[in-house]
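1. would you be able to build a 3D model of this:
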Amino acid sequence: MSDLPRKAVTRTAKLAALPLGIAGRATWGLGKRIGGKSAELVGRELQQRTAEQLFKVLGELKGGAMKFGQALSVFESALPEEVAGPYRAALTKLQEAAPPMPTSTVHAVLAERLGADWRELFLEFEDKPAAAASIGQVHRAVWQDGRDVAVKVQYPGAGEALLSDLNQLGRFARVLGPLIPGMDIKPLIAELRDRVSEELDYGLEAQAQREHAREFADDPDVVVPDVVHQCDQVLVTEWIDGVPLSEVIADGTQEQRDRAGQLLTRFLFSGPARTGLLHADPHPGNFRLLPGAPGESGEPGDMDTWRLGVLDFGTVDRLPGGLPPTIGHALRMTVEGEADAVYDMLCEEGFVKESVELEPEAVLDYLLPIIEPALAEEFTFARGWMRSQAARVADPRSPAYQLGKRLNLPPSYLLIHRVTLSTIGVLCQLGATVRMRAEMEAWVPGFLPEEEAADGGVEDEGAQDEALGAAEA
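-> Here you go, the predicted structure:
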């Protein structure tokens with residue numbers, strides 16, 4: 001049996017303790033305020049204590065609980081430093097590891113899915129997991145043809161745990177809401193729940209990974225390990241080494257941070273254009289920074305030769321034509337200050353409901369700070385910037401909050417929106433300086449004016465090379 005707590009009563013009890021604990025701390029906070037502490041100070045203490053308990057429980061439970069924790073972890077940049085700092089280590093653990101399941105359980109799954117003679121498929125197999133995450137863990141091995149491989153084994157009962165956890169978390173989403181300022185927790189949980197079947201289907205994951213591996217084969221910037229073998233609950237892929245992005249966030253040099261940020265941005269925008277798929281799980285545990293070819297000294301090559309390794313294609317958004325051109329058109333017109341045109345397009349696409357009337361200039365004022373990274377030739381992402389954006393849209397007294405509540409995000413844009421925000425969260429954790437505009441010009445349909453696109457836009461490799469050359473300059 002796995003040590004994943006699968007019994008509904010056990011998991012429900014652990015998750016149910018979260019809102020009870022929050023309520024208890026709220027009572028404690030009221031006592032502190034009566035005793036003379038300021039509301040702001042007490043609020044931060046409450047937030048810190050709540051976060052510590054939340055991420056501890058989510059990490060222990062794996063399943064949907066940990067999946068939710070990983071999705072939240074990329075937004076720690078939005079929290080005040082005195083709150084985020086003490087439990088950043090817990091977030092890193094959520095992004096990289098979880099308690100492993102017993103070796104006997106791993107062997108039982110492999111025997112059931114690969115056959116009783118499963119060991120004959122491998123020249124070597126390491127029983128100690130190299131990584132453990134929300135629904136499965138990874139073992140390093142050597143395939144029968146000599147290739148180093150990663151063997152991903154799904155936890156028994158993972159599907160039940162995912163649905164049970166997310167349903168339970170959905171019941172008290174409102175209580176957890178204040179943890180991440182400016183973020184609506186309920187749609188996040190609903191979206192994770194809707195994609196459970198895809199997350200558990202290693203056949204779909206293998207297909208998405210093969211398509212990416214084929215497209216990015218020999219790419220100078222991105223490495224996607226190919227699929228070696230796949231069956232129910234087991235996925236075998238090529239192994240790649242590298243520096244986990246969580247380590248770059250914690251201890252990387254500024255050069256590493258900038259390079260990782262540029263490549264992550266490039267992958268976000270180029271992936272849909274090249275494969276028709278959007279990698280939809282951009283937490284740091286799914287990325288590696290791979291050193292380039294060594295120089296004469298034997299040391300890793302220049303930083304501009306380092307590449308981004310991309311893992312875990314269990315959750316993707318299928319975008320056959322790439323990112324919707326509406327996104328590029330709206331971004332370009334916002335940058336150019338065309339308030340009326342932006343407003344008309346948002347109304348036409350369903351971002352503004354027919355029953356709602358807004359001032360176009362107010363909508364532009366709301367959007368401009370959000371797309372600030374696309375305004376400049378290069379932009380330095382920072383936790384302070386992320387916190388200011390979160391505070392701007394989270395304060396009920398602010399115009400941005402009131403306007404944000406009246407805008408509507410069509411279902412087809414939900415996942416794109418979350419992936420973009422998550423990637424920005426990671427860029428802020430990195431503190432990376434990125435030439436985002438060049439990547440958008442190269443890969444986002446509609447971002448370039450029509451006359452420029454006609455001369456060579458997303459479909460023109462020469463224009464792409466020129467834009468990407470600017471990004472590397």
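2. so where is the stretch 251-400 of the chain shaky, pLDDT-wise?
-> 293-301 (pLDDT under 70).
3. how about 90 then?
-> Scanning the stretch 251-400 of the chain for pLDDT under 90 picks out 281-285, 292-304, 315, 321, 335, 352-357, 365-370, 375, 383-384, 386-400.
4. strands of that one, start to end?
-> 277-279, 287-290, 307-310, 316-318, 379-380 (DSSP state E, counting those that start in this stretch).
5. for F351, find the nearest of these.
-> Closest to F351 of the strands of the stretch 251-400 of the chain, according to Cβ to Cβ: strand 316-318, at 18.0 Å. Every residue, glycine included, has its C-beta placed from N, CA and C.
6. same for the closest one, what does it pack against?
-> strand 277-279, helix 411-430 (3 or more Cβ pairs under 8 Å, 6 or more residues apart in numbering; DSSP states H and E).
7. which residues in the stretch 101-250 of the chain form helices?
-> Remark: helices assigned in the stretch 101-250 of the chain by DSSP state H, counting those that start in this stretch are 103-114, 158-171, 173-176, 185-194, 196-200, 202-215, 245-251.
8. quick one: these as CSV, columns for distance to W239 too.
-> Shown next, in CSV, are these (distance: least, Cβ to Cβ, whole Å):
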stretch, distance to W239
helix 103-114, 17
helix 158-171, 23
helix 173-176, 37
helix 185-194, 28
helix 196-200, 22
helix 202-215, 13
helix 245-251, 17
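9. worst average pLDDT in the ones you listed?
-> Mean pLDDT is lowest for helix 173-176 out of the helices of the stretch 101-250 of the chain, coming in at a mean of 61.
10. okay if I get the helices and strands packed on strand 316-318 as a markdown table plus mean neighbour count?
-> Converted to a markdown table, the helices and strands packed on strand 316-318 look like this (neighbours: other Cβ atoms under 10 Å):
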| stretch | mean neighbour count |
| --- | --- |
| strand 277-279 | 23 |
| helix 411-430 | 21 |
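11. those: lowest mean pLDDT?
-> helix 411-430 (a mean of 89).
12. which residues are in contact with that one?
-> 71, 74-78, 187-188, 191, 245, 248-249, 252, 257, 260-261, 264-265, 268, 278-280, 282-284, 317, 319, 323-324, 327, 373, 381-383, 385-386, 409, 434 (Cβ atoms under 8 Å, 6 or more residues apart in numbering).
13. including distance to Y202, could the helices and strands packed on strand 316-318 go into TSV?
-> Below are those laid out as TSV (distance: least, Cβ to Cβ, whole Å):
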stretch	distance to Y202
strand 277-279	16
helix 411-430	20
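14. returning to that earlier point: so which of the helices of the stretch 101-250 of the chain is nearest L235?
-> Of those, nearest to L235 by Cβ to Cβ is helix 202-215, at 4.5 Å.
15. angle of the closest one against helix 103-114?
-> 80 degrees (axes from the mean of the first three to the mean of the last three Cα atoms, to 10 degrees).
16. which residues does helix 202-215 contact?
-> 152, 154, 198, 224-227, 230-235, 237, 271, 274-277, 279, 310, 312-314, 316.
17. any of the residues you listed buried? List them.
-> For the contacts of helix 202-215, a burial check counting by 16 or more other Cβ atoms under 10 Å picks out 152, 154, 224-225, 227, 230, 233-235, 237, 271, 274-277, 279, 310, 312-314, 316.
18. distance of the nearest residue to S270 once chain neighbours are set aside from D312?
-> Of all residues not flanking S270 in the chain, W443 sits nearest, at 4.7 Å (Cβ to Cβ, 6 or more residues apart in numbering). Distance, W443 to D312, by Cβ to Cβ, to the nearest Å: 22 Å.
19. enumerate every residue touching A280.
-> Counted by Cβ under 8 Å, 6+ apart, A280 has contacts 315-317, 415, 418-419.
20. and the helices in the stretch 301-450 of the chain?
-> With DSSP H, counting those that start in this stretch as the criterion, the stretch 301-450 of the chain has helices spanning 325-335, 339-349, 360-367, 383-394, 399-406, 411-430, 436-443, 450-456.
21. okay, those helices, which one's buried deepest?
-> helix 436-443 (a mean of 25; mean count of other Cβ atoms under 10 Å).
22. next, the angle helix 325-335 makes with that helix.
-> Using the same axes, to 10 degrees: helix 436-443 against helix 325-335 is 140 degrees.
23. helices or strands up against helix 436-443?
-> Against helix 436-443 (3+ Cβ pairs under 8 Å, 6+ apart) you get helix 254-275, helix 461-472.
24. may I have it exported as PDB, CA atoms only?
-> These are the backbone C-alpha positions of helix 436-443, laid out as PDB (Å, rounded to 0.1, in the frame of the first residue of the first chain):
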ATOM      1  CA  MET A 436       9.300  40.100 -23.400                       C
ATOM      2  CA  ARG A 437       8.200  42.400 -26.100                       C
ATOM      3  CA  ALA A 438      10.600  40.800 -28.600                       C
ATOM      4  CA  GLU A 439       9.200  37.300 -27.800                       C
ATOM      5  CA  MET A 440       5.600  38.600 -28.200                       C
ATOM      6  CA  GLU A 441       6.400  40.200 -31.600                       C
ATOM      7  CA  ALA A 442       7.900  36.900 -32.700                       C
ATOM      8  CA  TRP A 443       5.200  34.500 -31.500                       C
END
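25. buried subset of the contacts of helix 411-430 as a ChimeraX selection?
-> This is how ChimeraX selects the buried members of those, with burial counted by 16+ other Cβ under 10 Å:
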select :71,74,75,76,77,78,188,191,245,248,249,252,257,260,261,264,265,268,278,279,280,282,283,284,317,319,323,324,327,373,381,382,383,385,386,434
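26. run through the residues that contact V106.
-> Here V106 is in contact with 127, 129, 137, 139, 153 (criterion: Cβ under 8 Å, 6+ apart).
27. returning to what we had before: hmm, the residue nearest to S270 is touching A273, no?
-> Yes - using Cβ atoms under 8 Å, W443 is in contact with A273, at 4.8 Å.
28. what's the domain layout of the protein?
-> Domain ranges of the chain: 8-96+159-192, 103-157+198-238, 325-434, per automatic domain parsing.
29. and T92, what's its pLDDT?
-> Reading off the model, T92 has pLDDT 56.
30. what do you get for P449?
-> Reported pLDDT for P449: 77.
31. please consider this matter closed, and thank you.
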